[in-house]
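Colleague: with the sequence up front, the predicted model follows.
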Amino acid sequence: MDIDRARGVLCGIACGDALGRPVEFMPASEIRAEHGQLDEMIGNGTWNQPAGTITDDTEQALCIARSLAEQHEFDPADIAERFVAWYDSGPFDIGGMTRRSLSQLKHGDEWDEAGQHVWESSPEGQNAGNGSVMRCAPLAIPYATNWDRLVEVSRQSSQITHADPRCTYGCTILNLTVAGLLDNADTPLQDALDEVGSDAPAELVTALQPLARGDSLDTLETSGYVVHSLQTALHDGLFAENVEEAIVTAVNRGGDTDTIGAIAGAVAGARFGESQLPERWMSAIDEVGELESLASQLTTLS
């Protein structure tokens with residue numbers, strides 16, 4: 001596996017996350033008013049928001065990557081324990097379903113029970129957030145060539161906190177797409193959709209199928225709903241001409257900027273590699289060294 005691309009996945013998550021943090025939940029018009037137009041940001045290098053701070057997106061991705069590297073395999077119980085320890089550390093940000101699921105784990109639920117219980121007690125509209133899809137891409141590195149196992153671990157990693165099928169299959173489709181990019185696939189998203197077939201929720205497939213055909217969409221949503229986040233992030237990650245454009249475009253849309261930026265960053269990082277991420281971003285993120293080391297370790301597990 002190309003180590004530059006593997007590192008691009010993890011560092012792309014962190015760059016998108018850090019870039020999106022200062023403008024999270026701001027509308028696109030307010031971001032443009034403060035930071036200028038997209039082409040100006042890219043052209044003159046003024047989009048310098050990362051300030052050494054990441055959010056729960058990268059922190060949970062690190063939990064998964066550390067577990068994989070230390071356990072030498074996917075161990076959902078170990079990952080759940082790491083999530084709880086992270087939760088107890090008082091993180092800067094944490095999603096509602098994640099908080100509730102980790103509280104369930106602390107009170108005795110097993111790793112495959114907590115998210116299920118939270119999902120079953122959550123009404124439609126509050127039960128399919130993007131909190132698992134934002135963190136799952138490290139799994140695509142060690143399991144890039146074992147798609148049966150990648151499908152299984154992607155769904156299980158989501159189930160710890162987000163058991164809705166739109167979330168579990170959202171993680172699966174994202175990871176299969178990233179795995180395809182790491183393997184130089186010509187049609188990575190279509191290959192991912194073909195792999196999950198009719199098992200995936202129709203709403204999710206319907207939202208992503210136009211992108212798989214190569215259709216650029218004029219209207220993209222930026223809410224925390226997993227279908228919206230995945231559609232927008234995959235659009236920007238797959239259609240951009242370079243990794244900087246992908247991440248800046250995603251963040252510049254407003255809304256859930258850190259998470260959509262992180263997902264787009266994982267996809268674009270797998271396409272273009274860590275070497276194409278702007279140095280002004282990388283140098284501002286304290287965790288880059290560990291992310292690079294973990295990515296290299298994960299390639300040896302494949």
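Modeller: Now that the structure is in, tell me what you want to look at.
Colleague: grab the nearest non-local neighbour of residue 87.
Modeller: Nearest non-adjacent residue to residue 87, counting by C-beta to C-beta, 6 or more residues apart in numbering: residue 102, 4.4 Å away. All C-beta spots, glycine's among them, are computed from the backbone N, C-alpha and C.
Colleague: tell me where the model's unsure across the chain.
Modeller: Scanning the chain for pLDDT under 70 picks out 37-52.
Colleague: repeat that for 50
Modeller: Judged against pLDDT under 50, the chain has no low-scoring part.
Colleague: which stretches in the stretch 201-302 of the chain count as helices?
Modeller: 202-213, 226-239, 243-252, 257-272, 279-282, 288-300 (DSSP state H, counting those that start in this stretch).
Colleague: sorry, back to before: distance check, the residue nearest to residue 87 against residue 55.
Modeller: Between residue 102 and residue 55 the distance is 16 Å, computed by C-beta to C-beta, to the nearest Å.
Colleague: looking at those two now, which is surrounded by more residues?
Modeller: When residue 102 and residue 55 are compared for neighbours, residue 102 comes out ahead with 24 against 21, by other C-beta atoms under 10 Å.
Colleague: what about the more buried one, which helix or strand?
Modeller: Element membership of residue 102 [criterion: DSSP states H and E] is helix 96-106.
Colleague: name the residues of stretch 173-187 that are buried.
Modeller: By neighbour count with 16 or more other C-beta atoms under 10 Å, stretch 173-187 contains the buried residues 173-182.
Colleague: got the buried residues for the helix holding residue 102?
Modeller: Buried residues in helix 96-106 (16+ other C-beta under 10 Å): 97-102, 104-105.
Colleague: which one among those gets closest to residue 138?
Modeller: residue 98 (16.7 Å; C-beta to C-beta).
Colleague: so that closest one touches residue 131, yeah?
Modeller: Yes. Residue 98 lies in contact with residue 131 (C-beta atoms under 8 Å); the separation is 4.7 Å.
Colleague: find residues that contact each of those two.
Modeller: 56, 161-162 (C-beta atoms under 8 Å, 6 or more residues apart in numbering).
Colleague: OK, contacts around the spatially most central residue of the chain?
Modeller: Compute the mean C-alpha point of the chain, and by C-alpha atoms, centre = their mean the closest residue is residue 134, 2.9 Å away. Contact analysis of residue 134 by C-beta under 8 Å, 6+ apart lists 13, 56-57, 60-61, 229, 259, 262-263.
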